[in-house]
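In: Starting from these lines, generate the structure:
(chains A and B)
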Amino acid sequence: AQSVSQHNHHVILSEAASLELGCNYSYGGTVNLFWYVQYPGQHLQLLLKYFSGDPLVKGIKGFEAEFIKSKFSFNLRKPSVQWSDTAEYFCAANTGRRALTFGSGTRLQVQP
Amino acid sequence: SAVISQKPSRDICQRGTSLTIQCQVDSQVTMMFWYRQQPGQSLTLIATANQGSEATYESGFVIDKFPISRPNLTFSTLTVSNMSPEDSSIYLCSVEVGGGETQYFGPGTRLLVL
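Out: Presented below is the predicted three-dimensional model:
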């Protein structure tokens, strides 16, 4: 069965610390990968996406993610977090024009 | 991208009643999806709604409980029928835009069932 796993459920960082959130997927065939962010009280926003090509993708707000096919991973990174990055982060995947399968989410808390 | 609105934004309902949630998109889209986000949990797909065909439901969701309409390419409704407290969730619609595989989400409808 298709699945997406996020192993970090709650991460607490100080401002300026580096961030890496793990995401692993279990899919057969070609997979599209996404990171979404949900700021407190706001709706889901797309951070970045990977369909094909360069495995290192850059998104909004300084975030990037690396697709490592051999590890079935799509980890999200940011070199220096800010207090405004406090949010819940969801990794998601699909194949073709199909609905998304979401991971369980990671709650990031950045302390000033 | 697309601008997606949902009505109502939130509601408090009594057990046994039904609520219809509307999703409006500012452009024509073929594929629309309805998700549920239960408190403290991730998003779970309820159904896929394509214009001109019956909605396709995921395992654990049935049409009698969550009837969906898709009358045109910019609008859809999801009804939560005969509600119980376990239906308290955020309900979100999403659309696929531009012929690609990227989905954009509405702001959600926060439902509390007493």
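In: Please report how far the spatially most central residue of chain A lies from A:E64.
Out: In chain A, the C-alpha nearest the mean C-alpha coordinate belongs to A:W35, at 3.6 Å (Cα atoms, centre = their mean). Between A:W35 and A:E64 the distance is 10 Å, computed by Cβ to Cβ, to the nearest Å. In short, each C-beta sits where N, CA and C put it, glycine included.
In: what residues are shared contacts of the two?
Out: Contact with both A:W35 and A:E64 is made by residues A:L48, A:L76, according to Cβ atoms under 8 Å, 6 or more residues apart in numbering or on different chains.
In: related to what we said a few turns ago, what bridges to the residue nearest to the centre of chain A?
Out: Each beta-bridge partner of A:W35 is listed here, defined by DSSP bridges: A:L48, A:C91.
In: so how far is A:K58 from it?
Out: According to Cβ to Cβ, A:W35 stands 11 Å off from A:K58.
In: Overlap in contacts, the two.
Out: Between them, A:W35 and A:K58 share the neighbouring residues A:L48, with contact defined by Cβ under 8 Å, 6+ apart.
In: Quick check: A:A65 touching A:S73?
Out: No. With the criterion set as Cβ atoms under 8 Å, A:A65 and A:S73 do not qualify as a contacting pair; they are 9.4 Å apart.
In: Among these two, which residue is more densely surrounded?
Out: Between A:A65 and A:S73, counted using other Cβ atoms under 10 Å in any protein chain shown, the more crowded position is A:A65 (26 against 17).
In: residue contacts, the more buried one?
Out: Under the criterion of Cβ under 8 Å, 6+ apart, the neighbours of A:A65 are A:C23, A:L33, A:W35, A:L48, A:Y50, A:L56, A:V57, A:G59, A:F74, A:N75, A:L76, A:R77.
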